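> Show me the folded form of this:
(2 chains)
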Number of protein chains: 2
Amino acid sequence: MRLYWSSTSPFVRKVTVSAHELGLSDKLETLPTRVAPNKPDRALLAYNPLGQLPTLVLDDETVLYDSLVIIEYLDQMAGGAKLIPSSPERRIEELRQHALCNGLLDLLVQWRIESTKDAPQIALINAFNLKTGMIWARLEATVEALSQRPFGLPSITLAIAAEYADFRFPALGWREKYPALSSWHQSIQSRPSLAATRFFDSSKPQ
Amino acid sequence: MRLYWSSTSPFVRKVTVSAHELGLSDKLETLPTRVAPNKPDRALLAYNPLGQLPTLVLDDETVLYDSLVIIEYLDQMAGGAKLIPSSPERRIEELRQHALCNGLLDLLVQWRIESTKDAPQIALINAFNLKTGMIWARLEATVEALSQRPFGLPSITLAIAAEYADFRFPALGWREKYPALSSWHQSIQSRPSLAATRFFDSSKPQ
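Residues are numbered from 1 along each chain as shown, chains lettered A, B, ... in the order given. Predicted coordinates:
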C-alpha cells in the first residue's frame, strides 16, 4: 500500500501511528508529498480530488481517505476492533472523544496556517486561542478516564496533538498549564508507535 | 434531544436530513445558534469546546459531535445500518464516498468564508476552485453507481453540497457543467427530508 505522506502532517501521523499499533507499518510504502491549502499537488489530486494528506492507495489501486476511513480500514485488516470498538455504545463514546482530540489538532493546524500568513486575522487567532484553551481544559479534566482505557484512536490523536503543539507552538506552554495531560503524555511518549514517527521539518538539517 | 442549529449550516443539515430519513425528526428540538470561525458562541462552547455546529445534547446531558458521530448515533437509535452499512467492506466504501462528498461541502464552506473576507487570498480561491472542480468531475463520473445504492450518507451529503452550491454560489453553474449530477439531483430533490430542511438566510425577509 502507498501512503501519500509528510513528516509534518499530524493527520498523516494518525495513520502511521495506527499502523504501528496494529503491526502493519511494514505494509506501508510512504510517498513524501508537500501540500498546503493554497498549493495543491497535481499528482496527488489525480488520486484524491480533495488533494489531502493522508491518502492511501491499496494494491488494487483503490484509493482511501480521509485519515479516519484509512484507520478504520487498517483496523479491519488487523482483525477489527483494536483501535475503534465495535459495540455501538463504546463506539460512539470513542468517536466522540476522537472528534474532540481531532478538533484540537485541526484548530492547531489552522492556527499555524493563519499565523504564518503575511497579515493574520486577529479575530481568528483569538478564536483559535479561546477554543483550543477550552479543549485543553476539557481534556485536562478527563485524561484520567482516558488513561484507563486501551490506547486507541482518541489517545493516539491526543498524543499527536500534544506533540504537534510542541513542534509548532513551543511557546504555548501547555505542559505547565495542564499538568495531568503532561504526566499522561510522559507515560505514553516512549511507545514505539510514537517514537518511530516523530514530526520533523525536512526543509531544515536534522 | 437538543440540536444546536442554524438554517445556513450544511453540516447541521446533514443531521436534520438524516433524522428525517430515519423517522426521528420529531425527537429533535432545534436551538438557533450563530457561529463563524472568528465569532465563537460562548453558550455553545460550554457544551462543545470545539464551538461547532451541529452539537447534539441528549436528554441525559451527554453531548455529541461532530456531524458524523451524531448521524451514527441516530442511525443506531433507529435500529442500525440504515444510513451507514454495518458490513466492514461496504462500510469503508460508503465512508470513503462520504469523505469525498463531505470534502466538497467543506471546501465550498471554506471558499465562501474566504470570499467574504475584505481581502481574499487569490491562491487560496484558485485552490478551492481547482479542488472542487476535480471533485465535481469525479462525482459526475460516478453518480450513476451512487444512484443505484440506497439513499444513505454519501447521497445525503452530496444532495446538501449541491443545494449549498445553489444557495451560496448561484453563479457557479454546476448544473450546466455536470448534467449527470444535475439529473440525479432532480430525481431526489423532492424527498421529504430535503424539502423540509432547505437552506434559508434568516437575516433576510423570506
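> List the buried residues for the helix or strand in which A:Trp136 is found?
Using DSSP states H and E, A:Trp136 sits in helix A:122-147. Applying a neighbour-count criterion of 16 or more other C-beta atoms under 10 Å in any protein chain shown, one finds A:124, A:127-128, A:130-136, A:139-140, A:143, A:146 buried in helix A:122-147. All C-beta spots, glycine's among them, are computed from the backbone N, C-alpha and C.
> Just name the closest of those residues to chain B, please.
A:Met134 (3.6 Å; C-beta to the nearest C-beta).
> I'd guessed that closest one sits against B:Pro49; true?
Yes - using C-beta atoms under 8 Å, A:Met134 is in contact with B:Pro49, at 3.6 Å.
> helix, strand or coil for the residue located most distally from the centre of chain A?
Here the centre of chain A is the reference, and by C-alpha atoms, centre = their mean the most remote residue is A:Ala119, at 27.0 Å. Three-state call for A:Ala119 (DSSP: H, G, I helix; E, B strand; the rest coil): coil.
> what's near enough to touch A:Arg175?
If a contact means C-beta atoms under 8 Å, 6 or more residues apart in numbering or on different chains, then A:Arg175 has A:Leu181, A:Ser182, A:His185 as its contacts.
> Quick check: the gap between it and chain B.
19 Å (C-beta to the nearest C-beta, to the nearest Å).
> Also A:Phe199?
23 Å.
> what's near enough to touch that residue?
Taking C-beta under 8 Å, 6+ apart as the test, what A:Phe199 contacts is A:Ser7, A:Thr8, A:Pro10, A:Arg13, A:Glu163, A:Tyr164, A:Phe167.
> Could you find the closest non-adjacent residue to A:Leu58?
A:Met1 (5.5 Å; C-beta to C-beta, 6 or more residues apart in numbering or on different chains).
> Likewise for A:Ala43?
A:Thr33 (7.7 Å).
> Helices along chain A, start to end?
Using DSSP state H, the helices of chain A run over residues A:10-21, A:42-47, A:67-77, A:88-115, A:122-147, A:153-168, A:174-177, A:179-188, A:192-195.
> just checking, what packs against the longest one?
For helix A:88-115, the elements it packs on are helix A:10-21, helix A:122-147, helix A:153-168, strand B:63-64, helix B:67-77, judged by 3 or more C-beta pairs under 8 Å, 6 or more residues apart in numbering or on different chains; DSSP states H and E.
> okay, the ones you listed in a markdown table with mean pLDDT and distance to A:Ser86 next?
Formatted as a markdown table, the helices and strands packed on helix A:88-115 follow (pLDDT from 0 to 100; distance: least, C-beta to C-beta, whole Å):
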| stretch | mean pLDDT | distance to A:Ser86 |
| --- | --- | --- |
| helix A:10-21 | 98 | 16 |
| helix A:122-147 | 97 | 19 |
| helix A:153-168 | 98 | 13 |
| strand B:63-64 | 98 | 19 |
| helix B:67-77 | 98 | 12 |
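> Make JSON lines out of those and add distance to A:Trp174.
Listed next are these as JSON lines, based on distance: least, C-beta to C-beta, whole Å:
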{"stretch": "helix A:10-21", "distance to A:Trp174": "15"}
{"stretch": "helix A:122-147", "distance to A:Trp174": "6"}
{"stretch": "helix A:153-168", "distance to A:Trp174": "5"}
{"stretch": "strand B:63-64", "distance to A:Trp174": "23"}
{"stretch": "helix B:67-77", "distance to A:Trp174": "25"}
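> what's the closest of the ones you listed to B:Ser87?
Nearest to B:Ser87 among the helices and strands packed on helix A:88-115 is helix B:67-77 (14.2 Å), distances taken as C-beta to C-beta.
> Does the closest one pack against any helices or strands, and if so which?
Packed next to helix B:67-77, using 3+ C-beta pairs under 8 Å, 6+ apart, are helix A:88-115, helix B:10-21.
> Briefly note if the shortest one comes near chain A.
No - for helix B:10-21, no contact with chain A is found by C-beta under 8 Å from any C-beta of the partner chain; the gap never falls below 12.1 Å.
> contacting residues around that helix?
By C-beta under 8 Å, 6+ apart, helix B:10-21 touches B:3-6, B:25, B:27-28, B:30, B:52-54, B:56, B:66-67, B:70-71, B:74-75, B:82-83, B:105, B:108-109, B:151, B:153, B:156-157, B:159-161, B:164, B:192-194, B:196-197, B:199.
> Mind doing that once more with 7 Å?
B:3, B:5-6, B:25, B:28, B:53-54, B:67, B:70-71, B:74, B:83, B:105, B:109, B:151, B:156-157, B:160, B:164, B:192-194, B:196-197 (C-beta atoms under 7 Å, 6 or more residues apart in numbering or on different chains).
> what do you get for stretch A:48-68?
Identification of contacts with stretch A:48-68 by C-beta under 7 Å, 6+ apart yields A:1-6, A:9, A:11-12, A:14-15, A:33, A:35, A:40-41, A:44-45, A:47, A:70, A:73, B:96, B:99-100, B:103, B:131, B:134-135, B:138.
> Now do the buried residues in that stretch.
Quick answer for stretch A:48-68 (16+ other C-beta under 10 Å): A:48-57, A:63-68.
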